[in-house]
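A.B. asks: What follows is a protein structure lacking sequence information:
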């Protein structure tokens with residue numbers, strides 16, 4: 001039989017050609033994304049105050065009617 005690669009053995013991350021990101025890099029990317037998301041929400045609230053107010057009221061109503 002010809003020598004075929006084993007399917008059960010996981011291939012090392014380096015052989016896939018895509019470098020693995022470390023946990024620190026992933027956390028940095030996530031932090032940056034969350035900061036930008038918060039900034040975008042604040043900007044939207046400043047630009048559309050009526051929509052932001054109604055969203056706050058809807059959220060408060062949801063929280064009041066939610067049962068633990």
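C.D. replies: Nice, I can see it. Worth saying up front: this structure is predicted, and the values here are computed from it rather than measured.
A.B. asks: what's the helix or strand for residue 42?
C.D. replies: helix 23-47 (DSSP states H and E).
A.B. asks: Show me what the mean pLDDT comes to for that helix.
C.D. replies: Taken as a whole, helix 23-47 has a mean pLDDT of 94.
A.B. asks: so what secondary structure elements neighbour it?
C.D. replies: helix 49-65 (3 or more Cβ pairs under 8 Å, 6 or more residues apart in numbering; DSSP states H and E). No exception for glycine: its C-beta is placed from N, CA and C like everyone else's.
A.B. asks: what distance separates the helix it packs on from the centre of its chain?
C.D. replies: Distance of helix 49-65 from the chain centroid (Cα atoms, centre = their mean, to the nearest Å) equals 24 Å.
A.B. asks: Just want the angle from it to helix 23-47.
C.D. replies: Comparing the axes of helix 49-65 and helix 23-47 via axes from the mean of the first three to the mean of the last three Cα atoms, to 10 degrees yields an angle of 110 degrees.
A.B. asks: quick one on the thing from earlier: what sits up against the helix holding residue 42?
C.D. replies: 21, 51-52 (Cβ atoms under 8 Å, 6 or more residues apart in numbering).
A.B. asks: now do 6 Å
C.D. replies: residue 52 (Cβ atoms under 6 Å, 6 or more residues apart in numbering).
A.B. asks: mind listing what's buried in that helix?
C.D. replies: For helix 23-47, burial by neighbour count (16 or more other Cβ atoms under 10 Å) applies to no residue.
A.B. asks: do the same with stretch 57-65
C.D. replies: So stretch 57-65, judged by 16+ other Cβ under 10 Å, has zero buried residues.
A.B. asks: quick one: average confidence on that stretch?
C.D. replies: Here the average pLDDT along stretch 57-65 is 91.
A.B. asks: Can you tell me the SS state at residue 20?
C.D. replies: coil (DSSP: H, G, I helix; E, B strand; the rest coil).
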